[in-house]
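[1] give me coordinates for this.
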Amino acid sequence: GLISSIVGLLVVLVFMMFYYNRAGTVANIAVFVNIFFLMGVLASLGAVLTLPGIAGIVLTMGMAVDANVLIYERVREEMAHGKSGRLAIADGFKHALPSILDSQITTFLTGVILYVFGKGPILGFATTLMIGIVTSLFTSILISRLIFEWLLDKGTEIKFSNPWSSHTFKNANYAFVKKRKIFYLVSGIFITLGLISMFTRGFSLGVDFKGGRTYVVKFANEVSIEDVRNKLNQTFGTTTEVKTFGGDNQLRVTTSYLIDNTDQNSDQIVQNKLNEGLAKIKNKSEIMSSQKVGPTIANDIKISAIYAVLASILVIGLYILVRFRKWQFSLGAMVALAHDVLLVLSFFSLFNGILPFNLDIDQAFIAAILTVIGYSINDTVVVFDRVREYLDLHHSKKDNMEEVINNAINSTLSRTVITALTVIFVLAVLFIFGGEVIRGFSFALLIGVIFGTYSSICVATPVVVEFQSSNKKE
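    Predicted structure coming up:
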């Protein structure tokens, strides 16, 4: 967790300097101040730092630059219009503020829902995420602005790009709206295959959702999963789930043996049975950790997880409706969120047992889904804000609405891609260095961010176009 945090931070800092030149250094200072505030608030609250909590910090670092990216892209636009550095910076902050607030509020709302419905270590993740959003807002809007004002007063030249990055996505003109039917078809096929897999193959449910006892067992040497499974099945007299957990000499064993037994000695009886089965394997072993979830608790967790996902989609849909005053935007956002959830679920069902790591559906996975919802709506709101701005500017009947909306999507493309890249870099680091405990969690976030970026451009806004067009015809 510590290594992933440090490497994740370095990746973000280097990328921002590489892409935004001196302005990137200002963003990096803001990120450092943000981490300082975040740690300070967590320490003052006496928060316990869990592995999902560390993941929350790493993700916060990735998302902390989002507000800076929004501001910098607007400043670059203002400079392209021929404005002076001071005026461009002032207008950049002014025009970026509505998008920043909308996107961060929606992510904060998912954090609140996660905190209300989540249990155990997920609360640590939710707490870190919510505090991180507040501190990153403060540092990106206030601290960055103060540094810029100080540099301007000193007469220092502030560059917002390097020669190679100054024209990235400039004059982009991709036909996202025109090709929306292709995107619908691609998403539809993947989700259909996923639904078939869900109803036939199902999911690999973690102990949180099905109940049972889970043990992490470390062996002296590499061990055969099949051999361990057969020996434990004979000993327990029931089917035992055995999976690689980290290296080839470490396994995770899950059993439902005596899970309904309320006897105080049942935990020790099960562990004795496990030791008895492990003794049959000619390989020295040690039980590293254990976890127990009763069937009633597992059912409660499952129900609260479903409520959490549905509640987050509805709450965000309502916020978009209030903020944008058009049901088409609200519907587009909710369709995109449902689309992202179904894509991630489809992926976890289709590739379960194929990829060389666990794709379990558990509490951490639900936290990942809700974070993906928060990120996706963050992205979608930024695009919607620009669409609304363009529609207000081009409200003449002569203007082709589809063309106007497509131009709006293209104008935000640089911000969308850069933000996605910074978060993907951080999550890739978390996936590689974060350890086996949060590998499935970080992988769900990683593919969710990719799907969320895709949906905000290729699903949410095209849905708005569909219903705006049909509404106009009526």
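[2] how about Ser312, nearest residue that isn't a chain neighbour?
    Ile113 (4.6 Å; CB to CB, 6 or more residues apart in numbering). Every C-beta, even on glycine, is put in place using the N, C-alpha and C of the backbone.
[3] which element is that neighbour on?
    helix 85-117 (DSSP states H and E).
[4] for that helix, what is the distance to the chain centroid?
    The gap between where helix 85-117 is centred and where its chain is centred comes out at 17 Å by CA atoms, centre = their mean, to the nearest Å.
[5] what does the next helix-or-strand element following that helix rub up against?
    The element immediately downstream of helix 85-117 (helix or strand, assigned by DSSP H and E) is helix 122-138. Contact partners of helix 122-138, identified using CB atoms under 8 Å, 6 or more residues apart in numbering, comprise 34, 37-38, 41-42, 45, 47-50, 52-53, 55-57, 59-60, 63-64, 66-67, 100-101, 104, 107-108, 111-112, 114-115, 118, 363-364, 366-367, 371, 374.
[6] about what we covered before: residues touching the residue nearest to Ser312, list them.
    Ala308, Ala311, Ser312, Val315, Leu370.
[7] wait, the third one sits on Leu109?
    What that stands for is Ser312. Yes. With contact defined as CB atoms under 8 Å, Ser312 reaches Leu109; the gap is 7.2 Å.
[8] what about these two, which has more around it?
    Ser312 (25 against 21; other CB atoms under 10 Å).
[9] with adjacent residues omitted, what lies nearest to Ser290?
    Tyr215 (4.9 Å).
[10] quick check on that neighbour: phi, psi?
    Note on Tyr215: its backbone torsions stand at phi -130, psi 140 [degrees, to the nearest 10].
[11] is it true that it touches Val253?
    Yes. Contact criterion CB under 8 Å: Tyr215 and Val253 qualify, at 4.7 Å.
[12] doesn't Asn283 fall inside a strand?
    No. The assignment for Asn283, made by DSSP: H, G, I helix; E, B strand; the rest coil, is coil rather than a strand.
[13] one step back: the residue nearest to Ser312 and Leu129, how far apart?
    11 Å (CB to CB, to the nearest Å).
[14] can you check Phe93 too?
    25 Å.
[15] who's more crowded, these two?
    In this view Phe93 and Leu129 are compared by other CB under 10 Å, and Leu129 has more residues nearby, 28 against 20.
[16] just to revisit the earlier point, can you turn the buried part of the contacts of Ile113 into a PyMOL selection?
    Selection command for PyMOL covering only the buried members of the contacts of Ile113, criterion 16 or more other CB atoms under 10 Å:
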select buried, resi 308+311+312+315+370
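[17] of the contacts of Ile113, which belong to helices?
    In helices, judged by DSSP state H, the following of the contacts of Ile113 are found: Ala308, Ala311, Ser312, Val315, Leu370.
[18] joint contacts of Tyr215 and Val253?
    By CB under 8 Å, 6+ apart, the residues touching both Tyr215 and Val253 are Leu274.
[19] for the chain, name the helix or strand with the lowest mean pLDDT.
    Each helix and strand of the chain was given a mean pLDDT (mean pLDDT, DSSP states H and E); the minimum falls on helix 207-210 at a mean of 68.
[20] would you check that Ser266 makes contact with Tyr257?
    No. Taking contacts as CB under 8 Å, Ser266 lies outside contact range of Tyr257: 9.2 Å.
[21] show me where pLDDT drops low in the stretch 351-474 of the chain?
    Low-confidence segments of the stretch 351-474 of the chain (pLDDT under 70): 394-399, 435-437, 469-474.
[22] now do the helices in it.
    363-393, 401-411, 413-433, 439-455, 461-473 (DSSP state H, counting those that start in this stretch).
[23] let's have those in a markdown table, adding distance to Leu278.
    A markdown table is the format used below for the helices of the stretch 351-474 of the chain (distance: least, CB to CB, whole Å):
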| stretch | distance to Leu278 |
| --- | --- |
| helix 363-393 | 27 |
| helix 401-411 | 57 |
| helix 413-433 | 30 |
| helix 439-455 | 24 |
| helix 461-473 | 54 |
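[24] could you measure Thr60 against Ala428, distance?
    Here the criterion is CB to CB. By it, Thr60 lies 16 Å from Ala428.
[25] ok, longest helix in this structure?
    helix 2-45.
[26] quick one: contacts for Phe15?
    Neighbouring residues of Phe15 by CB under 8 Å, 6+ apart: Leu421, Thr422, Phe425.
[27] need the pLDDT of it.
    We have a pLDDT of 86 for Phe15.
[28] so where's the stretch 1-150 of the chain shaky on pLDDT?
    For the stretch 1-150 of the chain, the ranges with pLDDT under 70 are 1-2, 48-52, 54-55, 58-59, 62, 118-122.
[29] tell me, how many residues neighbour the closest residue to Val11 other than its chain neighbours?
    Counting by CB to CB, 6+ apart, Val11 lies nearest to Phe425, which is 4.6 Å off, once chain neighbours are set aside. Counted with other CB under 10 Å, residues neighbouring Phe425 total 17.
[30] I am finished for the moment; much appreciated.
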